[in-house]
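Q: Sequence plus the predicted model coming up.
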Amino acid sequence: MTDPATLTVVLPAFNEAQRIGPALDELFDHLARRGPHAPDGASGASGLPASIEILVVDDGSSDDTVAIVEARREARCALQGASLRVLRVAHGGKGAAVRAGMLDATGDLVVFADADMATPPDQLPLLVAALADHDVAIGSRIQPDGSDMRATQPGYRRLLGKAFHVLASIWVVGPVQDTQCGFKGFTRAAARDLFARQQVTSIVFDVEIIFLARRRGYRLAIVPIRWLDKRGSRMRARPGLALRVAFDLLRIPLIHRRGDRG
């Protein structure tokens, strides 16, 4: 695509009062250090488009998440040349919140990231660069030398992740090794097409989006990124969750067996 003029960063948030403030500060501090942009609005020295929208999707939070975001909107945006807004949706889980944000985004490029900035904002230019000649850019915590940044996770998370990947690779996503990195980018056309077709709202939604992208012939880039294990995740090893994950993985090809090829 031609140089994108706008970028939307979607941050799904559910009861993130403890983390959303510092995460937004980190993001805006990074944007404040951007280099100059070309007069026509094309990407400048920072590797980011001139106009950036931060869209926090509040997934029915019951704490002060929205108030914290609103308090930063006036304080930070004028200085960093970025807009910040909140999209409030009924609680439906991360997959539903990401879908709502991706479909509501206005940018030429759309990236979703975890609200805790586990992937630092200085990694955004990597996805933007990949989207110059791809439709979908998938952040990967697996590095070119084979090292895996997920090694810092607790043991039970690594074990669950390995079991998940075996099932997902056989049944759904093929060679994509890190489906669950919460850092993915799309052209606006690809985002609207794929997320309009999304039906899974559990943590398996990433797998469904990758499945649809491959099935519909989009050009995928795997982008190694830097990632930090930010503690405070609400995911716990529960039998009910394991059953839900297995059920959603198995049903993805079945719910899209017709009508999603073009």
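A: Yep, that arrived.
Q: And for V172, nearest residue in space, chain neighbours not counted?
A: By the measure of C-beta to C-beta, 6 or more residues apart in numbering, the closest residue to V172 outside its immediate chain neighbours is F211, 4.8 Å from it. Bear in mind the C-beta positions are built from the backbone N, C-alpha and C, glycine included.
Q: what do you get for L126?
A: Spatial nearest neighbour of L126, chain neighbours left out: V223 (5.2 Å); criterion: C-beta to C-beta, 6+ apart.
Q: all strands of the stretch 1-150 of the chain, in order?
A: Using DSSP state E, counting those that start in this stretch, the strands of the stretch 1-150 of the chain run over 6-13, 51-59, 82-89, 109-113, 136-140.
Q: among these, which is the most enclosed?
A: Most buried of those by mean neighbour count (mean count of other C-beta atoms under 10 Å) is strand 109-113; its value is a mean of 27.
Q: Would you mind pulling the contact partners of it?
A: 4, 6-12, 49, 98, 101-102, 119, 124, 127-128, 131, 182-188, 191 (C-beta atoms under 8 Å, 6 or more residues apart in numbering).
Q: So which of those sit within helices?
A: Residues of the contacts of strand 109-113 located in helices (DSSP state H): V98, G101, M102, L124, L127, V128, R188, A191.
Q: mind giving me TSV with those and columns for distance to P175, pLDDT and neighbour count?
A: Formatted as TSV, these follow (distance: C-beta to C-beta, whole Å; pLDDT from 0 to 100; neighbours: other C-beta atoms under 10 Å):
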residue	distance to P175	pLDDT	neighbour count
V98	23	98	25
G101	28	98	25
M102	24	98	27
L124	25	97	26
L127	19	97	27
V128	24	97	21
R188	26	97	19
A191	22	98	27
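Q: between those, which is closest to I255?
A: Closest approach between the ones in helices among the contacts of strand 109-113 and I255, by C-beta to C-beta: V98, at 17.9 Å.
Q: show me the contacts for the closest one.
A: With C-beta under 8 Å, 6+ apart, V98 has these contacts: V10, P12, V57, F112, F195, F205.
Q: out of the residues you listed, who's nearest A82?
A: Ranked by distance to A82 (C-beta to C-beta), the contacts of V98 are led by V10 at 13.6 Å.
Q: shouldn't A96 be in contact with V200?
A: No: the criterion here is C-beta atoms under 8 Å, and A96 misses it with V200 at 9.5 Å.
Q: out of the strands of the stretch 1-150 of the chain, nearest to F28?
A: The closest of the strands of the stretch 1-150 of the chain to F28 is strand 82-89. By C-beta to C-beta, the value is 7.0 Å.
Q: Now that closest one: average pLDDT?
A: The average pLDDT for strand 82-89 rounds to 94.
Q: before we move on, what about stretch 105-122?
A: Mean predicted confidence for stretch 105-122 is 96.
Q: again, but for stretch 204-212
A: The pLDDT scores in stretch 204-212 average 95.
Q: hang on, the earlier thing: what's the burial count for the residue nearest to L126?
A: Neighbour count of V223, defined by other C-beta atoms under 10 Å: 20.
Q: ok, it - contacts?
A: L126, L127, A130, A137, I138, G139, S140.
Q: residues touching the second one, list them.
A: Yep, that's L127 we're talking about. Contacts for L127 (C-beta under 8 Å, 6+ apart) come out as L109, V111, A137, G139, F183, K184, G185, V223, I225.
Q: Include distance to F247 when you put those into JSON lines, please.
A: Below are those laid out as JSON lines (distance: C-beta to C-beta, whole Å):
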{"residue": "L109", "distance to F247": "33"}
{"residue": "V111", "distance to F247": "29"}
{"residue": "A137", "distance to F247": "29"}
{"residue": "G139", "distance to F247": "26"}
{"residue": "F183", "distance to F247": "26"}
{"residue": "K184", "distance to F247": "23"}
{"residue": "G185", "distance to F247": "28"}
{"residue": "V223", "distance to F247": "30"}
{"residue": "I225", "distance to F247": "30"}
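Q: Of those residues, just say which sits nearest to H256.
A: H256 has its nearest neighbour among those in K184, at 18.5 Å by C-beta to C-beta.
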